[in-house]
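Asks: give me a model of this one.
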Amino acid sequence: MNTSSNTKIYFASDQHLGAPTPEASFPREQKFVAWLDEVKKDAEAIFLLGDLFDFWFEYKTVVPKGFVRVLGKLAEIRDSGIPVYFFVGNHDLWMDDYFQMELNIPVYHTTKEFTFNNKTFLIGHGDGLGPGDKGYKRMKKVFTNPFSKWLFRWLHPDVGVKLAQYLSVKNKLISGDEDVKFLGEENEWLVQYAKLKLQSKHYDYFVFGHRHLPMEIQLNESSKYINLGDWIGYFTYGVFDGTTFELKKY
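Replies: Got it, this is the predicted structure:
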């Protein structure tokens, strides 16, 4: 993918719509939709790096109620011809084919490489990568197991969604959320993951979410780790203009 002189590639993550309640997150949804409305004017592509929703589960014929403004805006953007890419996070990891079927938005469950203007990117949500966090990694294996999803689907949506929303907020092992504070470069697991990847292959940018902290860390002379922050307290996003990557606040 190449950008022209007047287009950009945008990145955002961790909106957590629905948390702590739908009413409390509604202003954030409005703000995020306003951002989408603004960036569509010069977007070559838009990347959403997970946890758009604080909880998401797709039954065969049912999806969670709400979020019509952001879903409608994404549909409008895709219908206009602008590519949108979605990476599931730890809060919406049960996403299946709804985005692909209804919105024509591809959904990725693992990191993926992209090349923009000869710059190589490794992109993903970031949960479960790098050393440590073993409790969450074990829990994620259970949650992503097809049998676990099959069992959950047997719960009535009114029960299943309410239970999952409660656990998403209250249980930090299930959610995989860490304390939102900088742990030091040597203790940031995604930084260590990026450094390990660089031992076998060069990337210009590692772009992740999950940590809820806007971060730009130079890994070596030509590689940089970017964390996009969130849309709860920071309202930050990334933009690549074809030459450089920049974190901005909306």
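Asks: only C-alpha atoms from now on, for both contacts and neighbour counts.
Replies: Fine.
Asks: across the sheet, point out what pairs with L122.
Replies: E113, F206 (DSSP bridges).
Asks: quick one, what contacts it?
Replies: 111-114, 203, 205-207 (Cα atoms under 8 Å, 6 or more residues apart in numbering).
Asks: one more time with 10 Å
Replies: Applying Cα atoms under 10 Å, 6 or more residues apart in numbering, we find L122 in contact with 111-115, 194, 197, 202-208, 225.
Asks: shaky segments in the chain?
Replies: Residues of the chain meeting the criterion pLDDT under 70: 132-143, 160, 164-179.
Asks: quick one, strands of this protein?
Replies: Assignment of strands within the chain using DSSP state E yields the ranges 8-12, 43-48, 84-87, 107-108, 112-116, 119-123, 205-208, 214-218, 224-228, 236-240, 245-249.
Asks: and the lengthiest helix in the chain with strand 43-48, angle?
Replies: The longest helix of the chain (DSSP state H) is helix 22-39. Here helix 22-39 points in a direction 160 degrees away from that of strand 43-48 (axes from the mean of the first three to the mean of the last three Cα atoms, to 10 degrees).
Asks: and helix 22-39, what's buried?
Replies: 25-26, 28-29, 31-33, 36, 39 (16 or more other Cα atoms under 10 Å).
Asks: again, but for stretch 213-225
Replies: For stretch 213-225, by 16+ other Cα under 10 Å, it's 213-216, 219, 223-225.
Asks: so how far is that stretch off the chain centroid?
Replies: Mean C-alpha position of stretch 213-225 versus that of the full chain (Cα atoms, centre = their mean, to the nearest Å) differs by 18 Å.
Asks: over to stretch 7-17?
Replies: In terms of Cα atoms, centre = their mean, the centre of stretch 7-17 is found 8 Å from the chain centre.
Asks: all numbers from here: first residue = 17
Replies: In the new numbering, first residue 17, that becomes stretch 23-33.
Asks: end to end on that stretch, go ahead and measure it.
Replies: This stretch, stretch 23-33, spans 28 Å end to end (Cα to Cα, to the nearest Å).
Asks: ok, now stretch 238-256?
Replies: Terminal residues of stretch 238-256 lie 15 Å apart, using Cα to Cα.
Asks: equivalent analysis for stretch 129-140, please.
Replies: 9 Å.
Asks: coming back round to it: quick one: the longest helix of the chain to strand 252-256, angle?
Replies: Using the same axes, to 10 degrees: helix 38-55 against strand 252-256 is 20 degrees.
Asks: can you tell me the closest non-neighbouring residue to P99?
Replies: Distances taken as Cα to Cα, 6 or more residues apart in numbering put A61 closest to P99, at 4.9 Å, once the chain neighbours are dropped.
Asks: next: Y250.
Replies: K265 (7.1 Å).
Asks: what sits against P80?
Replies: 69, 71-74, 173-174, 177.
Asks: measure it to V175 for me?
Replies: Here P80 is placed at a distance of 12 Å from V175 (Cα to Cα).
Asks: report how many residues lie close to G258.
Replies: Neighbourhood size, G258 [other Cα atoms under 10 Å]: 19.
Asks: again, but for the one 4 residues further on
Replies: Around E262 sit 13 other residues, with neighbours defined as other Cα under 10 Å.
Asks: and F168, by the same measure?
Replies: When neighbours are defined as other Cα under 10 Å, F168 has 17 of them.
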